[in-house]
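S.K.: The following block contains a protein sequence and its predicted model.
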Amino acid sequence: MKIARVESFRVVAQRDYEGSAGLRAATVGASGSSRPRALARNDGRHLCVYPAQAEVLLVRIVTDDGLVGWGEAHSPPIPRVAQVLITDLFAPQLIGRDPLAIDAIWDALYASMRLRGYGTGVMLEAIAGIDIALWDLAGKALGQPVYRLLGGPYSTHIPCYLSGVPGETVEDRIRAARGFVAEGYTAMKLSVGRGPLDEDLDGVEAVIEAVRGDADVLVDAHGVYDARTAVAAGRRLERAGAGWFEDPLPPEDVDGYAALCQALDIPVANGETECNRWQFLDKFRKRAADVILPDVCRAGGISEGRKIALIADLHNVRWCVHASISTPIHLAAGLHLAAATPNFLLCEYPQSFRTTPLANALVETPLRPVDGFMDLADVPGLGVSFNRDVFRELCLDEIDWI
Ligand SMILES: [Mg+2]
């Protein structure tokens, strides 16, 4: 069996969208009703831009005997960049290779540009798309779910948290949070960092209070604070009983994270930015994370995710699946890895997954938690199949179905 084709497809939630048009700039302060004090202002310089539309890059690998594997590269808002890397750099290295030599392929792709300084970012997102497609293909070739090829399952009943409690006002968010509790979720995540700090924390405390005893509230600050602000905010969250404090500092401030982990009693979570095992090793050696959130479609795929999870376990750190602008391929890749690692904690289930066509109409069977858990089926590969008509409708590239 040899790799015969390597292709990638930009899929967007709205067909008339042209890649990267209409970026949503980072905005701050929009939700704040009071005038921020000079010392408490947030200029938003650490916040990311987002695409105007949900967009993903899906990767298809086809063998000479007609087997197909699908992967996903998490690449907003520049899926065309990952696409060029796959077409021009990786596909020529893959054609004719044994698709089951997954670690050897990963190593070759990573090595192909490392001396030129490409060991992270979109390079690893593109490798992730290929790696996940190879695991899906291996599962189909061997008639086994991916989690079994990875040595699992520890469990196929995966706990999830609802990510993003929506609402314009605190009252709206309390209502939404209570609704998620009624659906069976025992953990959910709120964002802070776009408004005045005190107002943000008042809102979080109100939501924590509203679901106390039923659900843990996790808090994501998107890397906007300095170290002292993060310690002060963290202490308030500690007193309120938050479940964790995520990304309070910019990702480059590893020493700041180590000091914060030391200072706070609640877990400090980070790691959605890091893309390879060496970045995580540095973090663990400095004790700069209590919980990590690697994104399997950004951090080199299932193969690298497994190594990151193992290195985390060596340091007694647990990991969570990160997902955001994604399809069920992304979520399934994270879930299969979760099922096969002993130190997995929680899977992120983005609020947008409830409505976006990328997570619903695009696939034959959407992935939806029941009572806050997702169950993995015992089917070959990742277990995701597409609705071909919807795929063609939402895809910006030509596809011929095999
Ligand atoms: Mg986050």
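M.R.: Received it, and whenever you're ready, just let me know what you need.

S.K.: Quick one: residues contacting Y161.
M.R.: Y185, A187, M188, K189, D216, L218, L346, C347, E348, Y349, G372 (Cβ atoms under 8 Å, 6 or more residues apart in numbering). Placement of C-beta: from N, CA and C, glycine included.

S.K.: Likewise for S385?
M.R.: S385 neighbours (Cβ under 8 Å, 6+ apart): V363, E364, T365.

S.K.: so how far is V146 from the last one?
M.R.: What that stands for is T365. 16 Å (Cβ to Cβ, to the nearest Å).

S.K.: confidence score at the residue nearest to L85 when sequence neighbours are not counted?
M.R.: Of all residues not flanking L85 in the chain, A126 sits nearest, at 4.1 Å (Cβ to Cβ, 6 or more residues apart in numbering). The score at A126 is 98. That number is its pLDDT.

S.K.: does A126 sit in a helix or strand, and which one?
M.R.: A126 belongs to helix 121-142 when elements are defined using DSSP states H and E.

S.K.: Over whichever helix or strand comes after that helix, what's the mean pLDDT, rounded is fine.
M.R.: Helices and strands here follow DSSP H and E; after helix 121-142, the next one along the chain is helix 146-149. Confidence over helix 146-149 (mean pLDDT, whole number) is 98.

S.K.: Show residues contacting helix 146-149.
M.R.: Counting by Cβ under 8 Å, 6+ apart, 135-136, 138-139, 142, 153, 156, 302, 333, 335-337, 339-340, 376, 381-382 sit against helix 146-149.

S.K.: Make a ChimeraX selection of whichever of those residues turn out to be buried.
M.R.: Buried residues within the contacts of helix 146-149, by 16 or more other Cβ atoms under 10 Å, are selected in ChimeraX with:
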select :135,136,138,139,153,156,302,333,335,336,337,339,340,376,381,382
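
S.K.: I'd like to know how many residues surround the closest residue to T327 other than its chain neighbours.
M.R.: Spatial nearest neighbour of T327, chain neighbours left out: L358 (4.9 Å); criterion: Cβ to Cβ, 6+ apart. Here the number of neighbours of L358 (other Cβ atoms under 10 Å) works out to 26.

S.K.: which neighbours does the helix or strand hosting C160 have in its sheet, and in what orientation?
M.R.: C160 is part of strand 157-163 when elements are defined by DSSP H and E. Using DSSP bridges, strand 157-163 pairs in its sheet with strand 187-191 (parallel), strand 344-350 (parallel), strand 373-375 (antiparallel).

S.K.: Pick the most buried one from the ones you listed.
M.R.: Each of those was scored by mean neighbour count; the highest is strand 344-350, a mean of 24, by mean count of other Cβ atoms under 10 Å.

S.K.: how far is it from where the chain is centred?
M.R.: Distance, stretch centre to chain centre, for strand 344-350: 9 Å (Cα atoms, centre = their mean, to the nearest Å).

S.K.: how far is the strand holding C160 from where the chain is centred?
M.R.: 13 Å.

S.K.: if you average pLDDT over it, what comes out?
M.R.: Here the average pLDDT along strand 157-163 is 98.

S.K.: which residues touch the following helix or strand past that strand?
M.R.: The helix or strand immediately downstream of strand 157-163 is helix 170-183, counting by DSSP H and E. Under the criterion Cβ under 8 Å, 6+ apart, residues 162, 165-167, 188, 190, 202-203, 206-207, 210-211, 214-215, 217, 371-372 lie in contact with helix 170-183.

S.K.: what about 10 Å?
M.R.: Identification of contacts with helix 170-183 by Cβ atoms under 10 Å, 6 or more residues apart in numbering yields 31, 161-162, 164-167, 169, 185-188, 190, 199, 202-211, 213-215, 217, 349, 351, 368-372.

S.K.: sorry, back to before: and the angle from the strand holding C160 to helix 170-183?
M.R.: Per axes from the mean of the first three to the mean of the last three Cα atoms, to 10 degrees, the angle that strand 157-163 makes with helix 170-183 is 170 degrees.

S.K.: tell me which residues in strand 157-163 are buried?
M.R.: Under 16+ other Cβ under 10 Å, the buried positions of strand 157-163 are I158, P159, C160, Y161, L162, S163.

S.K.: For Y118, see how far away the residue lying closest to the fourth one once chain neighbours are set aside is.
M.R.: Spatially, and ignoring its direct neighbours in sequence, Y161 is nearest to A187 (3.7 Å; Cβ to Cβ, 6+ apart). With distances defined as Cβ to Cβ, the gap from A187 to Y118 amounts to 36 Å.

S.K.: Ok, C160 next?
M.R.: On the measure of Cβ to Cβ, C160 and Y118 end up 33 Å apart.

S.K.: now do A263
M.R.: A263 is 35 Å from Y118, by Cβ to Cβ.
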